[in-house]
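>>> got a structure for you, letters missing:
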Ligand code: 5GP
C-alpha cells in the first residue's frame with residue numbers, strides 16, 4: 001500500500017480528496033453522517049444516480065436523482081469524475097465540478113462511492129487518499145445487511161456477491177479502517193483526513 005500524501009512533500013498544504021469505499025452494509029453512510037455531525041463544514045460530494053428515491057430521500061440532499069438520458073449526457077460531456085453501475089442495477093456518479101471547486105479552494109472533500117468508482121478516482125486524481133471501510137468480520141457484515149431490512153433476500157444475495165469481490169480489493173487502498181464502532185471508525189477517518197485538533 002502507498003500513501004501519495006506522505007510522498008508529496010512539495011505540496012504538503014494542498015487539500016486532498018478522500019474516497020471512502022467498502023462493502024454494502026458496512027456502515028459507510030453512518031460513519032459519514034457522524035463525520036458531518038462533528039465537522040458540519042466538511043464538503044461531502046452529492047452523487048447523481050438513476051435509482052429512484054427511497055422514502056425520506058430528498059433530491060439534491062441525498063442524491064441528484066436523474067433519468068438515464070440525463071446521466072448519459074453528464075458522462076458524455078465529461079462532467080462525471082467517475083461513475084459506475086452498482087450492484088448491476090443502477091448507475092451512480094460523482095459530479096466533477098463541485099469536487100474540483102473545493103480542492104481548488106484548498107478545502108478537503110470526501111466521496112462515499114463503490115470500488116469501481118474508487119479505482120477510477122485513483123487514475124483521474126492520483127493524489128486522492130483511498131480509505132477502505134471494512135467490517136469486523138464477514139459474518140458481521142451478513143448480519144448488518146440482514147438486520148437493516150431494506151433489501152429483499154434476492155437483493156441481499158446480489159449485494160453479498162458484490163461485497164465478496166470488494167473485500168478482496170481492500171489491499172488496493174491506502175488505508176483500511178475497521179468499522180468496529182462508529183465512534184472509533186469516525187475518529188480514524190478524522191485523523192487520516194487531518195480534521196482533528
Ligand atoms: P444506495 O443505493 O444504497 O444509496 O447506494 C448503493 C451504493 O452506491 C453504495 O455502496 C455507494 O457507495 C454507491 N455509490 C453512491 N454514490 C456513488 C457514486 O457517485 N459513484 C459510485 N461509483 N458509487 C456510488
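It's in. Bear in mind the structure is a predicted one, so any value in this text is a computation, not a measurement.
>>> Give me the nearest residue to the residue in the chain that the ligand sits nearest to, chain neighbours excluded.
Closest approach of the chain to the ligand (C-beta to the nearest ligand atom) occurs at residue 117, with a separation of 2.4 Å. C-beta here means a position set from N, CA and C on the backbone, and glycine is covered the same way. Leaving aside its chain neighbours, residue 117 sits nearest to residue 82 (4.4 Å; criterion: C-beta to C-beta, 6 or more residues apart in numbering).
>>> The one you found: what's it in contact with?
Each residue near residue 82 by C-beta atoms under 8 Å, 6 or more residues apart in numbering is listed here: 93-94, 113, 116-118, 120-121, 124.
>>> ok, back up a step: counting neighbours, what do you get for the residue of the chain closest to the ligand?
Counted by other C-beta atoms under 10 Å, the residues lying close to residue 117 total 23.
>>> Isn't it up against residue 84?
Yes - at 4.8 Å, residue 117 counts as touching residue 84 under the criterion of C-beta atoms under 8 Å.
>>> who touches both of the two?
Joint contacts of residue 117 and residue 84 (C-beta under 8 Å, 6+ apart) are 92-93.
>>> Point to the residue nearest the middle of this structure.
Geometric centre of the chain, nearest residue: residue 112, 1.6 Å, by C-alpha atoms, centre = their mean.
>>> give me the beta-bridge partners of that residue?
Residue 112 forms beta bridges with residue 20, as assigned by DSSP bridges.
>>> you'd agree it is up against residue 30?
No - look at residue 112 against residue 30 with C-beta under 8 Å: they stay out of range, at 10.7 Å.
>>> residue ranges with poor pLDDT in this structure?
For the chain, applying pLDDT under 70 flags the ranges 1-14, 197.
>>> Which positions in it make contact with the ligand?
Within reach of the ligand by C-beta under 6 Å from any ligand atom, the chain has these residues: 24, 47, 51, 82, 84, 86, 92-94, 112-114, 116-117.
>>> Helices along the protein, start to end?
Counting by DSSP state H, one finds helices in the chain at the ranges 4-7, 28-38, 68-76, 96-104, 115-124, 138-148, 153-168, 182-193.
>>> And for residue 115, the neighbour number?
Quick note: residue 115 (other C-beta under 10 Å) scores 24 neighbours.
>>> same question but for residue 185, I mixed them up
Other residues lying near residue 185 total 25 when counted by other C-beta under 10 Å.
>>> Apart from its chain neighbours, what residue comes closest to it?
Closest to residue 185 by C-beta to C-beta, 6+ apart is residue 179, at 4.3 Å.
>>> was I right about that neighbour contacting residue 27?
Yes - counting by C-beta under 8 Å, residue 27 is a contact partner of residue 179 at 4.7 Å.
>>> what residues do those two have in common as contacts?
Here residue 179 and residue 27 have 133, 135, 185 as joint contacts, going by C-beta under 8 Å, 6+ apart.
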